[in-house]
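[1] Mind looking at a prediction? Sequence and model below.
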Amino acid sequence: MGCGQSATHVSDIGPGAVNGVPKAKPKKGKKDQNRPAEPESEPTKPKSTYANFLSSHNAKLKLETESALRGVAFLNNGFLVVADYHNNCLKLFDASFQYLTNLEFSSAPWDVCSAKDGENQLWATVPYTRQVHRVALEYVNDKPILVDVESFKAQGFCWGVTCFDGGVAVSVKVSVPPNAWPKPPEFQVHVHEYDGTFRRSILYDPETGGAFFTEPKFLNVTYDDLFLLVSDYKLNSVFCVNNEDELIFAYAGMQSPNGIAMDENKDLHVTSFFGNQRVHKVGANGKYKDGLQVDEGRPLFPHSICYRKKDRIIVLTTEHSLEVYKLV
């Protein structure tokens, strides 16, 4: 996702390249962008070999009547930050998922991601103020607090956010003038410098000429920072896109995907409300590998997901809880 990378790095994300020259990329095919793609049939297994349940943590505070957890991210020190869309705040938890403090906003935050250019810092989107905030973990009298350091204005309602070496990508819903011709896509992904300077938009699929996205909810980047990952809720797909906006792969193995995480083995972990498996493990070539089976005793409806390398755990957000699993 860095500015200077090129499509020849396809070999870094999956098999099929010789001497740095990629074989033919997967073809997305032309489609009606106004109609959701049909998700591929989901593999079924009697028991998942994917991850073991460790713990569940109620993130709704005693004084709160409701909560709506969305984006989640680990800081460098292992602490976790989650966006509570209902309560207009970011919540901070320690490495054992015990609540510490929160940071209130004037409006509801949606997504968070770890910052690449600051120790124990993160980026957070607040859609209805159209702002992207840089937030830092600091200490006052040895007590951790979250501090709103700075912000920049997005060019529309901003939802998913991810950070890479050199900038920040944000999924936005822009206002399109009714008489605009040709009419640009309403949903876009914008790339900014760290200081908020607008760099470019990702609008069209260069292969088909059509709009790339219909409802991009969450973003991430591949583990090596080379490619952008976009989950499109209405297109039932997770797209992997390079710096030339070319499609590396599209994973259409689950209905209405939400959050995306990636581990050091370049496996993706994708969440959904639907299906027999609410988290899919997807290889670096965009192919299904495994999934987290639904536990009938405690069915999950996960929004977002994050990964902590030191103990190989994933954390899922539901409306009110943090669900912790250890990868097998």
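    Ah, there it is.

[2] Skipping adjacent residues, who's closest to His269 in space?
    Ala261 (4.5 Å; CB to CB, 6 or more residues apart in numbering). Any C-beta I mention is one placed from the backbone N, CA and C, and that applies to glycine too.

[3] same deal with Glu104?
    In space, Glu104 is closest to Cys89, 4.7 Å off (CB to CB, 6+ apart).

[4] sorry, back to before: ok, the residue nearest to His269 touching Arg308?
    No: counting by CB atoms under 8 Å, Ala261 stays clear of Arg308, with 9.6 Å between them.

[5] Only alpha carbons, please: show stretch 105-113 as PDB.
    Extracted C-alpha coordinates of stretch 105-113, given in PDB (Å, rounded to 0.1, in the frame of the first residue of the first chain):
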ATOM      1  CA  PHE A 105     -16.500  12.300  21.200                       C
ATOM      2  CA  SER A 106     -19.300  14.600  20.200                       C
ATOM      3  CA  SER A 107     -20.600  11.900  17.800                       C
ATOM      4  CA  ALA A 108     -20.400   8.200  17.200                       C
ATOM      5  CA  PRO A 109     -17.000   6.600  16.200                       C
ATOM      6  CA  TRP A 110     -17.100   3.700  13.800                       C
ATOM      7  CA  ASP A 111     -13.600   2.200  13.200                       C
ATOM      8  CA  VAL A 112     -10.100   2.300  14.700                       C
ATOM      9  CA  CYS A 113      -6.700   1.100  13.600                       C
END
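
[6] residues of it that come out buried?
    Phe105, Ala108, Pro109, Trp110, Asp111, Val112, Cys113 (16 or more other CB atoms under 10 Å).

[7] Go through the helix or strand containing Ser55 and flag the buried ones.
    According to DSSP states H and E, Ser55 maps onto strand 51-58. For strand 51-58, a neighbour-count test (16+ other CB under 10 Å) marks Ala51, His57 as buried.

[8] what is the mean pLDDT for the following helix or strand past it?
    Per DSSP H and E, the first helix or strand lying C-terminal to strand 51-58 is strand 69-74. In this model, strand 69-74 has a mean pLDDT of 98.

[9] For strand 69-74, which helices and strands make contact with it?
    With contacts taken as 3 or more CB pairs under 8 Å, 6 or more residues apart in numbering; DSSP states H and E, strand 69-74 sits against strand 80-84, strand 112-114, strand 121-126, strand 305-308, strand 313-317, strand 321-327.

[10] if you set the cut-off to 6 Å instead, what comes out?
    With contacts taken as 3 or more CB pairs under 6 Å, 6 or more residues apart in numbering; DSSP states H and E, strand 69-74 sits against strand 80-84, strand 112-114, strand 305-308, strand 313-317.

[11] Report the buried residues of it.
    For strand 69-74, a neighbour-count test (16+ other CB under 10 Å) marks Leu69, Arg70, Gly71, Val72, Ala73, Phe74 as buried.

[12] got it, and stretch 118-131?
    Gly118, Asn120, Gln121, Leu122, Trp123, Ala124, Thr125, Val126, Pro127, Thr129, Arg130, Gln131.

[13] Pull it out as CSV, backbone CA atoms only.
    The C-alpha coordinates for stretch 118-131 follow below in CSV (Å, rounded to 0.1, in the frame of the first residue of the first chain):
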residue,chain,number,x,y,z
GLY,A,118,3.4,6.7,16.5
GLU,A,119,4.0,4.5,19.5
ASN,A,120,0.7,3.5,21.1
GLN,A,121,-1.3,5.7,18.8
LEU,A,122,-4.3,5.0,16.7
TRP,A,123,-6.7,6.5,14.1
ALA,A,124,-10.4,6.6,14.6
THR,A,125,-13.2,7.6,12.2
VAL,A,126,-16.3,9.6,13.4
PRO,A,127,-18.7,9.4,10.4
TYR,A,128,-21.2,12.1,11.1
THR,A,129,-18.7,14.8,11.9
ARG,A,130,-16.7,13.5,8.8
GLN,A,131,-13.5,13.5,10.9
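
[14] just use 823 as the starting number from now, easier for me
    From this message on, residue numbering opens at 823, which makes the last subject stretch 940-953.

[15] returning to that earlier point: you'd agree the residue nearest to Glu926 is up against Ser929?
    No: between Cys911 and Ser929 there is no contact under CB atoms under 6 Å: 10.5 Å.

[16] Where does pLDDT dip in this structure?
    For the chain, the stretches with pLDDT under 70 are 823-870.

[17] What's the separation between the residue in the chain sticking out farthest from the centre and Ala1074?
    Among residues of the chain, the one most distant from the C-alpha centroid is Asn963; the distance is 33.8 Å, by CA atoms, centre = their mean. Going from Asn963 to Ala1074 by CB to CB, to the nearest Å gives 51 Å.

[18] Show me how far the strand holding Ser877 is from its chain's centre.
    Mean-position distance between strand 873-880 and its chain equals 20 Å (CA atoms, centre = their mean, to the nearest Å).
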